[in-house]
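> Structure of the sequence below:
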Amino acid sequence: MSKEFTCSIKNIRFDENYHPADSTRLTTNFANLARGEHRQENLRKTLRMINNRFNALAHWDNPTADRYSVEVDIVSVDMDIEGNGNTFPIIETLKTTIVDHKHNKHIDGMIGNSFSSYVRDYDFSVVLSEHHSKKPVSPTPEGFGDLHGKLFQYLLNSETYKTNFNKKPVICLSVSTSKTYHRTANRHPVLGVEYRQDDYSLTDDYFHKMGLTVRYFMAANSTAPLAFYFAGDLLSDYTDLELISAISTMETFQKIYRPEIYNANSRAGQVYQPSLKYQDYSLTQIVYDRAERSQMAVTQGKFTEEQFIKPYQAILEQWAASYDVKEHAA
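Numbering: from 1, shown residues only. Okay, the predicted model is just below:
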């Protein structure tokens with residue numbers, strides 16, 4: 001049997017009064033929006049965009065397009081490796097709750113949506129960078145992403161996760177600018193038209209080690225497909241409103257973060273390659289520091305190396321070698 005780690009979960013409401021916690025991974029979209037002189041205006045506009053998009057997609061029995069609003073909570077997961085009360089922030093994600101104003105009730109939305117991880121920063125900004133500096137034949141070092149993948153699946157199989165959430169997460173990211181996507185004839189009533197690509201990206205492979213499969217869909221009136229990473233069956237395991245909560249939340253963040261792709265003035269075609277050099281797009285009225293985001297990933301990758309990887313390296317290596325995902329899932 002592998003060693004047991006202790007997971008704990010904290011929720012912080014993402015609203016106009018949101019202030020990032022000290023432990024928040026600062027490269028996340030929502031933390032970036034909540035700083036500076038425009039912070040409260042940023043947050044109000046972001047939430048308004050989410051609500052408007054949700055009502056546009058959930059248009060049935062919604063003639064005035066204001067039946068629903070979306071509440072967003074930032075879910076932070078800490079892990080205690082040695083059982084001595086010292087924790088490290090492993091994962092940060094989002095949980096949505098749908099408010100149906102017609103029936104005055106709250107409905108569970110999607111868990112997942114955005115995904116932030118200090119260990120992923122370490123893998124991509126430290127491990128991968130050092131590997132590439134050696135000019136290797138292989139694009140990634142041996143075992144790249146294995147520890148992170150097992151830590152993620154350990155969390156999903158933990159009693160802590162199962163007590164707080166009744167479904168597996170769906171993580172919704174931007175499509176890769178290095179890949180080409182082809183539109184298919186498959187169309188879902190909520191997710192929209194499906195795109196496919198045969199040459200999976202490094203991110204796709206990394207998430208596969210987390211036990212997640214990827215599909216790409218472009219919802220009605222979107223300009224580009226989103227990448228949906230999930231365990232199980234994306235189309236049957238989740239309700240229409242859960243899927244809409246993921247689309248409306250993450251498309252809003254992507255319009256702010258990658259307007260060249262998700263706020264373009266033309267839609268993705270039959271064959272589509274995303275580009276951040278595309279010039280025909282509109283800016284949202286929301287201030288976002290994209291340069292800071294990329295710089296912080298390196299800083300936080302090194303922080304993870306010093307505070308998590310090095311101090312617990314022997315324990316983590318031994319645990320990863322003995323951890324059986326299927327055994328714990330059972």
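
> Could I get the full set of helices for the stretch 51-200 of the chain?
118-122, 128-133, 146-156, 159-164 (DSSP state H, counting those that start in this stretch).

> burial measure for I90, as a count.
Residues near I90, counting by other CB atoms under 10 Å, number 23. Quick note: C-beta positions are derived from backbone N, CA and C, even for glycine.

> make that E71, sorry
When neighbours are defined as other CB under 10 Å, E71 has 17 of them.

> Skip the chain neighbours and tell me the closest residue to it.
The spatially closest residue to E71, leaving aside those adjacent along the chain, is T97, at 4.3 Å (CB to CB, 6 or more residues apart in numbering).

> That neighbour touches M110, doesn't it?
No. Assessed by CB atoms under 8 Å, T97 is found out of contact with M110, at 9.8 Å.

> on that earlier part again, nearest to N86 among the helices of the stretch 51-200 of the chain would be which one?
Checking the helices of the stretch 51-200 of the chain against N86 by CB to CB gives helix 118-122 as the closest, at 14.8 Å.

> which helices and strands does that closest one pack with?
With contacts taken as 3 or more CB pairs under 8 Å, 6 or more residues apart in numbering; DSSP states H and E, helix 118-122 sits against strand 87-100, helix 146-156, helix 290-304.

> Can you add distance to R53 and mean pLDDT and give those back as CSV?
What follows is the helices and strands packed on helix 118-122, written out as CSV (distance: least, CB to CB, whole Å; pLDDT from 0 to 100):
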stretch, distance to R53, mean pLDDT
strand 87-100, 12, 94
helix 146-156, 28, 96
helix 290-304, 21, 78
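
> Please enumerate the shared neighbours of T97 and M110.
Common neighbours of T97 and M110, using CB atoms under 8 Å, 6 or more residues apart in numbering, do not exist here.

> In terms of neighbours, single out the busier of the two.
A direct count of neighbours by other CB under 10 Å for T97 and M110 places M110 higher, at 29 against 16.

> what's near enough to touch the more buried one?
By CB under 8 Å, 6+ apart, the contact set of M110 is K95, T96, P169, V170, Y238, E242, L243, S245, A246, T249.

> Mind doing that once more with 6 Å?
T96, V170, E242, S245, A246 (CB atoms under 6 Å, 6 or more residues apart in numbering).

> coming back round to it: and K3, which of the helices of the stretch 51-200 of the chain is closest to it?
Of all the helices of the stretch 51-200 of the chain, helix 146-156 comes closest under CB to CB, at 10.3 Å.

> Who wins on neighbours among the contacts of M110?
Going by other CB under 10 Å, S245 tops the contacts of M110 with 32 neighbours.

> all strands of the stretch 151-300 of the chain, in order?
Assigned by DSSP state E, counting those that start in this stretch, the stretch 151-300 of the chain shows strands spanning 170-174, 181-188, 192-196, 213-218, 226-230, 271-272.

> Deepest-packed of these, please.
Scoring the strands of the stretch 151-300 of the chain by mean neighbour count under mean count of other CB atoms under 10 Å gives strand 226-230 as the most buried, with a mean of 23.

> rewinding a little: switch the contacts of M110 over to a markdown table; also include distance to F152.
Converted to a markdown table, the contacts of M110 look like this (distance: CB to CB, whole Å):
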| residue | distance to F152 |
| --- | --- |
| T96 | 20 |
| V170 | 14 |
| E242 | 20 |
| S245 | 21 |
| A246 | 18 |
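
> For those, work out which two are farthest apart.
T96 and V170 (10.7 Å).

> first to last residue in stretch 227-234, what's the distance?
Distance across stretch 227-234, first residue to last, is 12 Å (CA to CA, to the nearest Å).

> And the contacts of it?
K168, V170, I171, C172, L173, V175, F207, G211, L212, V214, R215, Y216.

> With stretch 3-13 instead?
Outside stretch 3-13, the residues that reach it (CB under 6 Å, 6+ apart) are 73-81, 155, 158, 160, 164, 319.

> likewise stretch 269-281?
Residues outside stretch 269-281 that contact it (CB under 6 Å, 6+ apart) are V175, T177, T180, Y181, H182, R183, P259, E260, I261, N263, A264, N265.

> quick one: furthest residue from the center of this protein?
Distance from the C-alpha centroid of the chain, by CA atoms, centre = their mean, peaks at P63 (31.3 Å).

> can the strands of the stretch 151-300 of the chain go into TSV with extra columns for mean pLDDT and distance to I91?
Formatted as TSV, the strands of the stretch 151-300 of the chain follow (pLDDT from 0 to 100; distance: least, CB to CB, whole Å):
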stretch	mean pLDDT	distance to I91
strand 170-174	96	10
strand 181-188	98	27
strand 192-196	98	27
strand 213-218	97	18
strand 226-230	98	13
strand 271-272	97	30
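
> Would you mind giving those as a markdown table with distance to L128 added?
Output for those, formatted as a markdown table (distance: least, CB to CB, whole Å):
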| stretch | distance to L128 |
| --- | --- |
| strand 170-174 | 17 |
| strand 181-188 | 24 |
| strand 192-196 | 26 |
| strand 213-218 | 20 |
| strand 226-230 | 19 |
| strand 271-272 | 26 |
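
> closest one to P139 among the ones you listed?
With CB to CB as the criterion, P139 lies closest to strand 213-218 of the strands of the stretch 151-300 of the chain, at 18.3 Å.
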